[in-house]
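Participant: Dropping the sequence and predicted coords here.
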Amino acid sequence: MNIAVVDDEPVIRKQMVNFIQSQNPEYRAYTFANGEQLLAAAEKFDIIFLDIRMEGRGGIETARELRRRQIETILIFLTGLKEYVFEAFDVSAFHYLLKPIEERKLSEVLSRAAHEVKKKKAANRECLFIRTKKRHLTIDQSRILYIESRAKKVELHTMDEVIEIYAAMNELEEQLGESFYRCHRGYLVNMAYIVEYGLDSISLLGGGKVYLSKKKHGEFVKAYMWYLQNGGVSVV
């Protein structure tokens, strides 16, 4: 598992690396002094510990660029200030740790993040099977951003393409399970790709946007918060 520590304080970087490797010697820890160095790195990271206030490109700005590039990674912010917590949610942060960081809390968060990484990798092997009169499709569920109903057809918006098929939204909703939410009668959204939501819309990684029924807003917020807090499993 590749883990990045991005902080402009050398002491913090050293402490974090020592801690990460003490938790599991198989974890590979990389350090960067700022966001520019991280974004220029060739490695792909499963987990990124990201300081918010740094010289040059700050943590929130770096996180937004990661999401714009459609980089799927677990972001854990490190900061001495509470005021950025809402901006952290805007970029789908996994957690927000306040400095000075308690070792017990850090251990707990790292353990949960590692578990989430394993779950996501396992989920990548899950597929959606669709059979029509003319086509049999096998689609990796983790590649689906959202599904849109269009009369008797539906459009599957994936990371790579838009696939149009004849299918019923109710049947797809049942097949896809709890990581997808029926935010509107015409939309099913993959909660793993949500970056922001408002009263009547949800913004997705890569710039996509879907409608959110005002009647479902409260239920959706509950489902999404539960999803984030429980390693991607919703009980709603």
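Facilitator: That came through fine. Numbering: from 1, shown residues only.

Participant: Pull the residues that contact the strand or helix carrying residue 154.
Facilitator: Using DSSP states H and E, residue 154 sits within strand 153-158. Here strand 153-158 makes contact (CB atoms under 8 Å, 6 or more residues apart in numbering) with 139, 143-148, 162-167, 169, 172, 208. Bear in mind the C-beta positions are built from the backbone N, C-alpha and C, glycine included.

Participant: Just the residues you listed: which are in strands?
Facilitator: If you go by DSSP state E, the contacts of strand 153-158 have 139, 144-148, 162-166 in strands.

Participant: are any of those buried, and which?
Facilitator: With burial judged by 16 or more other CB atoms under 10 Å, the buried subset of the ones in strands among the contacts of strand 153-158 is 144-148, 163, 165.

Participant: which one of the residues you listed sits closest to residue 44?
Facilitator: Nearest to residue 44 among these is residue 145, at 19.8 Å by CB to CB.

Participant: Tell me the one of the ones in strands among the contacts of strand 153-158 nearest residue 178?
Facilitator: residue 144 (14.2 Å).

Participant: Residue 153: neighbour count?
Facilitator: 11 (other CB atoms under 10 Å).

Participant: Now do it against residue 169, distance only.
Facilitator: With the distance defined as CB to CB, to the nearest Å, residue 153 ends up 11 Å from residue 169.

Participant: do the same with residue 141
Facilitator: Residue 141 is 16 Å from residue 169, by CB to CB.

Participant: So if I had to pick from the two, which one is more boxed in?
Facilitator: More crowded of residue 141 and residue 169, by other CB under 10 Å: residue 141, with 19 against 16.

Participant: which residues does that one contact?
Facilitator: 123, 126-128, 176, 179, 190.

Participant: mind listing which of these are in strands?
Facilitator: Counted as lying in strands by DSSP E, out of those, are 127-128, 190.

Participant: now those residues: which count as buried?
Facilitator: 128, 190.

Participant: Please identify the buried residues of stretch 57-77?
Facilitator: So, applying 16+ other CB under 10 Å, buried residues of stretch 57-77: 57-60, 62-67, 72-77.

Participant: Can you name the two of those that sit furthest apart?
Facilitator: Farthest apart among the buried residues of stretch 57-77 by CB to CB are 58 and 72. That separation is 21.3 Å.

Participant: residues near residue 102, how many?
Facilitator: For residue 102, the neighbour count with other CB under 10 Å is 11.

Participant: residue ranges with poor pLDDT in this structure?
Facilitator: 84-86, 88-89, 122-125, 131-135, 231-236 (pLDDT under 70).

Participant: which residues of it fall in helices?
Facilitator: Under the criterion DSSP state H, the chain contains helices at 10-23, 35-40, 59-68, 85-90, 103-123, 169-176, 217-229.

Participant: Enumerate every residue touching the closest residue to residue 213 other than its chain neighbours.
Facilitator: Nearest non-adjacent residue to residue 213, counting by CB to CB, 6 or more residues apart in numbering: residue 184, 4.7 Å away. Contacts were defined as CB under 8 Å, 6+ apart; by that measure residue 184 touches 210-213, 216.
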